[in-house]
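K.L.:
one predicted model, sequence on top.
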Amino acid sequence: MKKYPNPKEQPSSTNAGKQETDSKSGSFFEVVFKIVRKIPRGRVTSYGAIAEASGIRLTARMVGWAMNGAGRVKPAVPAHRVVNSKGILSGKNFFATPTLMQELLEQEGIIIKEDKIANFKDVFWDPGAKTRKDSKKVL
DNA sequence: TTGTTGACCGAGT
DNA sequence: AACTCGGCCAACA
């Protein structure tokens, strides 16, 4: 993979400061990161769900693209809790080690089989549905 | 500026 | 069930 933009800095010097016309959303990276950081421990979500919860302006692809910078931001975004709609650890190859993502998830009590979450339906967390009390624990 | 590429998604073949 | 294709928006060559 090549280099990726950094949300903290202006990626393109040509249009530096141009896209920041609206400071309320900031970089779309931050929007994604903010949602990902809300993911409770032991839960996961999908790129599409994040894109939708972030405000439709983003697509699932953008979420994945944004996650590219997840490893270099300070608050440390739990990117390992983000999988695709099938519950497959599609981004495992982008971690320090291909097995790191799986180990982190297992560490949180998530069962993984063949690079995909076995109890995906149980541990799935919808970032948009905050109305839920989350009082029920899956563990 | 145009074109290609993505840690995706869902429908169609 | 496996594969292909279009679409979404942003970054890069």
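P.N.:
Yep, that arrived. Keep in mind that this is a model prediction, so the values were computed, not measured. Residues are numbered from 1 along each chain as shown, chains lettered A, B, ... in the order given.

K.L.:
CA only for contacts and neighbour counts going forward, please
P.N.:
Will do.

K.L.:
could you confirm residue A:80 falls within a helix?
P.N.:
Yes. According to DSSP: H, G, I helix; E, B strand; the rest coil, the state of residue A:80 is that of a helix.

K.L.:
what's near enough to touch it?
P.N.:
A:89, A:91, A:92, A:101, A:102, A:104, A:105 (C-alpha atoms under 8 Å, 6 or more residues apart in numbering).

K.L.:
kindly report the same for residue A:86.
P.N.:
By C-alpha under 8 Å, 6+ apart, the residues touching residue A:86 are residue A:116.

K.L.:
what pLDDT does the model give it?
P.N.:
For residue A:86, the pLDDT comes out at 92.

K.L.:
helix, strand, or coil at it?
P.N.:
Per three-state DSSP, the local secondary structure of residue A:86 is coil.

K.L.:
hang on, residue A:42 packs against residue A:123?
P.N.:
Yes. Using C-alpha atoms under 8 Å, residue A:42 makes contact with residue A:123 at a distance of 6.7 Å.

K.L.:
who has more neighbours, those two?
P.N.:
Set side by side, residue A:42 and residue A:123 show more neighbours around residue A:123, with 23 against 20, by other C-alpha atoms under 10 Å.
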